[in-house]
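**Q** please find the sequence and the predicted model below.
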Amino acid sequence: MTLNTYNEFDNNNFDLNIDHYGFESCPPNYAFGPSVRNNFVLHYIIEGSGQFTIYNKVTSLGAGDIFILPKDAVTYYQADGDQPWSYIWVGFSGSRAESILLQSSLMAKCFAASQKDSKILNQMYRLIAYADKKFTESNELEIIGELYKLLAFLIEEFPNQEAQESHNNHKKYMKQALKIIHSQYDTPLQVTTIAEKLNLNRSYLYKIFKEETGQSIKDYILMVKMKKSCDLLINSFLTISQIASSVGFTDPLAFSKAFKKIYQVSPLQFRKINE
């Protein structure tokens, strides 16, 4: 018999963060909620049955079914009185968590019947196996990698075709936007200019760029300009004014201010430090 397990983590990975995981054999009529989560919690029912309530709709679930507690949604779930369920769960959060989950059709109803020999279940077992390991920084990276695999299997088993098509379009636009930025960083490149070249709404381009990179387009353009300027300061004999012009700044003073704001030293000081 599998014993109840529970592990909770105190870490803060920006993109994707595992918060807790475990296994529980519930007593008859054991209930949780109504409650609102600040993260996502995926459950896989191993045996038994119970009821899951979300968006004021009650659904009976049993062995082989999965359900997810979405972030910021009111949920309630209760084990059956005669055959209470046992389930394995994984709780996670992060800036990319929701966008990844929306590529799965699971988010439409928040429950589904899983396939026999599901990769999802096997991967969840791999995750809770870390309960027996000493927690280290190395293990933390490993377990985040296992979480990415779990979400990949979730998308594979329950694909959201519409979302995936949209995601593919995002990738296409991102590739084109990045090509423009990296080939034209030496100009006073504006977000509006990129949007016009791609025939996209400026707000839409900003949204997908932020989702994919975690940065605004303006900040990303500046980062590219600054990285190139560092290379020129170290590997060329160009003057500061020439370098400013080479990365798209018409005003050398504005370039120096932007550079110092990021690197806490002036371009000239940076060059001397790296001589």
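**A** Arrived safely. Everything quoted here is computed from the prediction, not taken from an experiment.

**Q** use CA for all of it now, contacts and neighbours both
**A** Will do.

**Q** residue ranges with poor pLDDT in the stretch 1-150 of the chain?
**A** Applying pLDDT under 70 to the stretch 1-150 of the chain flags residues 1-14, 132, 135.

**Q** that one: strands as residue ranges?
**A** Along the stretch 1-150 of the chain, the segments classed as strands by DSSP state E, counting those that start in this stretch run 5-8, 17-25, 31-36, 40-47, 49-54, 57-62, 65-69, 74-79, 86-93, 111-113.

**Q** can I get the CA coordinates of the fourth one in PDB?
**A** These are the backbone C-alpha positions of strand 40-47, laid out as PDB (Å, rounded to 0.1, in the frame of the first residue of the first chain):
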ATOM      1  CA  PHE A  40      -2.200  25.100 -10.300                       C
ATOM      2  CA  VAL A  41      -2.600  21.700  -8.800                       C
ATOM      3  CA  LEU A  42      -2.900  18.600 -11.100                       C
ATOM      4  CA  HIS A  43      -4.500  15.400  -9.600                       C
ATOM      5  CA  TYR A  44      -4.500  11.900 -11.000                       C
ATOM      6  CA  ILE A  45      -7.000   9.400  -9.500                       C
ATOM      7  CA  ILE A  46      -5.300   6.100  -8.800                       C
ATOM      8  CA  GLU A  47      -8.300   4.200  -7.400                       C
END
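
**Q** got a list of what the spatially most central residue of the chain touches?
**A** In the chain, the C-alpha nearest the mean C-alpha coordinate belongs to R96, at 1.8 Å (Cα atoms, centre = their mean). By Cα atoms under 8 Å, 6 or more residues apart in numbering, the contact set of R96 is 15-16, 211.

**Q** next one: I208
**A** Residues counted as contacts of I208 (Cα under 8 Å, 6+ apart) are 170, 174.

**Q** dump the C-alpha coordinates for the helix or strand harbouring it into PDB.
**A** According to DSSP states H and E, I208 maps onto helix 202-213. C-alpha atoms of helix 202-213 as PDB (Å, rounded to 0.1, in the frame of the first residue of the first chain):
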ATOM      1  CA  ARG A 202       1.200  46.700 -31.900                       C
ATOM      2  CA  SER A 203      -0.500  45.500 -28.700                       C
ATOM      3  CA  TYR A 204      -0.800  41.900 -30.100                       C
ATOM      4  CA  LEU A 205       2.900  41.900 -30.900                       C
ATOM      5  CA  TYR A 206       3.800  43.200 -27.500                       C
ATOM      6  CA  LYS A 207       1.700  40.500 -25.900                       C
ATOM      7  CA  ILE A 208       3.200  37.500 -27.700                       C
ATOM      8  CA  PHE A 209       6.700  38.900 -27.400                       C
ATOM      9  CA  LYS A 210       6.300  39.300 -23.600                       C
ATOM     10  CA  GLU A 211       4.800  35.800 -23.300                       C
ATOM     11  CA  GLU A 212       7.700  34.200 -25.300                       C
ATOM     12  CA  THR A 213      10.700  36.100 -23.800                       C
END
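
**Q** thank you, goodbye.
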